[in-house]
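Engineer: show me the folded form of this:
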Amino acid sequence: MRSYQLFIIVTIEIELKVGKLGKFIFPIGSYVYTGSAKKNIDKRIERHLSKKKNLHWHIDY
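Structural biologist: Model (predicted):
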């Protein structure tokens, strides 16, 4: 299994719905999401960077 990290910089405070968890306020700052891919890590990262996709995981939201 391989792991990867997405580094996300939030430049303005935002409120986002995070799947079934509901709404969260994200203050300005830097965030890191750590994920894993059992098979094709390149495809997983490509999917995260894609603008059009079905929303499956919390990070998609």
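Engineer: can you list the neighbours in contact with stretch 4-21?
Structural biologist: 23-37, 41, 44-45, 48, 55, 57-61 (C-beta atoms under 8 Å, 6 or more residues apart in numbering). (Each C-beta comes from the backbone N, C-alpha and C, glycine too.)
Engineer: got the CA positions of that stretch in PDB?
Structural biologist: Provided in PDB are the C-alpha atoms of stretch 4-21 (Å, rounded to 0.1, in the frame of the first residue of the first chain):
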ATOM      1  CA  TYR A   4       0.300  10.300  -0.300                       C
ATOM      2  CA  GLN A   5      -0.300  13.800   1.100                       C
ATOM      3  CA  LEU A   6      -2.300  16.700  -0.300                       C
ATOM      4  CA  PHE A   7      -1.100  20.100   0.900                       C
ATOM      5  CA  ILE A   8      -4.000  22.600   0.900                       C
ATOM      6  CA  ILE A   9      -3.700  26.300   1.500                       C
ATOM      7  CA  VAL A  10      -6.900  28.200   2.500                       C
ATOM      8  CA  THR A  11      -6.500  31.900   1.800                       C
ATOM      9  CA  ILE A  12     -10.000  33.000   3.000                       C
ATOM     10  CA  GLU A  13     -12.100  31.500   5.800                       C
ATOM     11  CA  ILE A  14     -14.600  29.100   4.200                       C
ATOM     12  CA  GLU A  15     -17.600  27.000   5.300                       C
ATOM     13  CA  LEU A  16     -17.900  23.700   3.500                       C
ATOM     14  CA  LYS A  17     -20.300  20.700   3.800                       C
ATOM     15  CA  VAL A  18     -18.100  17.700   4.400                       C
ATOM     16  CA  GLY A  19     -20.300  14.700   3.300                       C
ATOM     17  CA  LYS A  20     -22.500  13.300   6.000                       C
ATOM     18  CA  LEU A  21     -20.400  15.000   8.700                       C
END
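Engineer: among the contacts of stretch 4-21, which ones are in strands?
Structural biologist: Per DSSP state E, strands hold the following members of the contacts of stretch 4-21: 23-26, 29-37.
Engineer: if we only consider these, which is nearest to Ser3?
Structural biologist: Nearest to Ser3 among the ones in strands among the contacts of stretch 4-21, counting by C-beta to C-beta, is Ser36 at 4.8 Å.
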